[in-house]
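Undergrad: Sequence first, then the predicted structure:
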Amino acid sequence: MGEEIILDDFERAMLARWEEAFTFLRESKSIAETVTMLQRRFPQLSRRVLYKDVNSAMQLFGYVIKYSKEAMRNMTNDYAIDYLNRCRKSGDRNNEKAALAMLIKINKLEKDEEEGMDPNKMIAESPRIEIPEHVSSMIHALISNGSVNLMQLREKATLNLNERNDTVQPAPVTTGDSPST
């Protein structure tokens, strides 16, 4: 941030514990084992404080217990970009092509083109349209009369399906907001 921050003795001791916690965590890959190791190293501190130190170390230095594909992809991507830049500076065209191929493979750019829309597949595969049963019965009732009067279907009107004669009727219209007396 541009400002130099000077740590007091308490903060330096806490930072030292966090660094040791991170070192133990990298080796053991277990929070419980790390706390046990820290307890041997700092017997005057409670387990609660040591668990907090482990969590703080993971927040500060990173989570190293599980392997993260995204982190590995980012690290490899940075390496490939650095490799490409070094090849460009030295004028090494063969290795520059290899670095570009590595970047394309890491970011799976070749698969984007392969997975694009294929119009031939769209024609070969017929679309699947699912109509809910209640909508299907309303459609059948509308067209069973031989003609459809769309004026009956108002925007806010709900439809009532009369199952005896399969006709669709608009919902009853109410006037005003006051209850009828």
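TA: Sure thing, it's come through.
Undergrad: Stretch 57-73 spans what distance, first to last residue?
TA: 23 Å (C-alpha to C-alpha, to the nearest Å).
Undergrad: And the contacts of it?
TA: The list of residues contacting stretch 57-73 from outside it, by C-beta atoms under 8 Å, 6 or more residues apart in numbering, reads 18-19, 21-22, 25-26, 29-31, 106. No exception for glycine: its C-beta is placed from N, CA and C like everyone else's.
Undergrad: would you turn the residues you listed into a markdown table with neighbour count and secondary structure?
TA: Formatted as a markdown table, the entries for the contacts of stretch 57-73 read as follows, by neighbours: other C-beta atoms under 10 Å; DSSP: H, G, I helix; E, B strand; the rest coil:
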| residue | neighbour count | secondary structure |
| --- | --- | --- |
| Trp18 | 20 | helix |
| Glu19 | 14 | helix |
| Ala21 | 28 | helix |
| Phe22 | 20 | helix |
| Leu25 | 24 | helix |
| Arg26 | 14 | helix |
| Lys29 | 12 | coil |
| Ser30 | 13 | coil |
| Ile31 | 17 | helix |
| Ile106 | 17 | helix |
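Undergrad: between these, which is nearest Asn74?
TA: Using C-beta to C-beta, the shortest approach to Asn74 within those belongs to Ile106, at 9.4 Å.
Undergrad: From what I see, the closest one and Met75 are in contact.
TA: No - taking C-beta atoms under 8 Å as the contact criterion, Ile106 and Met75 are not neighbours in contact, 10.0 Å apart.
Undergrad: now the helices for this protein?
TA: 9-28, 31-41, 47-61, 69-90, 93-106, 109-114, 119-124, 133-143 (DSSP state H).
Undergrad: among these, which gets the worst mean confidence?
TA: Averaging pLDDT over each of those singles out helix 119-124 as the lowest, with a mean of 60.
Undergrad: one step back: looking at the contacts of stretch 57-73, spot the one nearest Asn94.
TA: Relative to Asn94, and with distances defined as C-beta to C-beta, the nearest of the contacts of stretch 57-73 is Ile106, at 19.1 Å.
Undergrad: Can you name the residues that contact the closest one?
TA: Applying C-beta under 8 Å, 6+ apart to Ile106 gives the contacts 73, 76-77, 80.
Undergrad: a markdown table for the residues you listed, including distance to Arg88 and neighbour count?
TA: Listed next are the contacts of Ile106 as a markdown table, based on distance: C-beta to C-beta, whole Å; neighbours: other C-beta atoms under 10 Å:
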| residue | distance to Arg88 | neighbour count |
| --- | --- | --- |
| Arg73 | 22 | 13 |
| Thr76 | 19 | 15 |
| Asn77 | 17 | 14 |
| Ala80 | 13 | 20 |
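Undergrad: Which two among the residues you listed are spaced furthest apart?
TA: Pairwise distances among the contacts of Ile106 were taken by C-beta to C-beta; the largest, 10.4 Å, belongs to Arg73 and Ala80.
Undergrad: Appreciated, that's everything.
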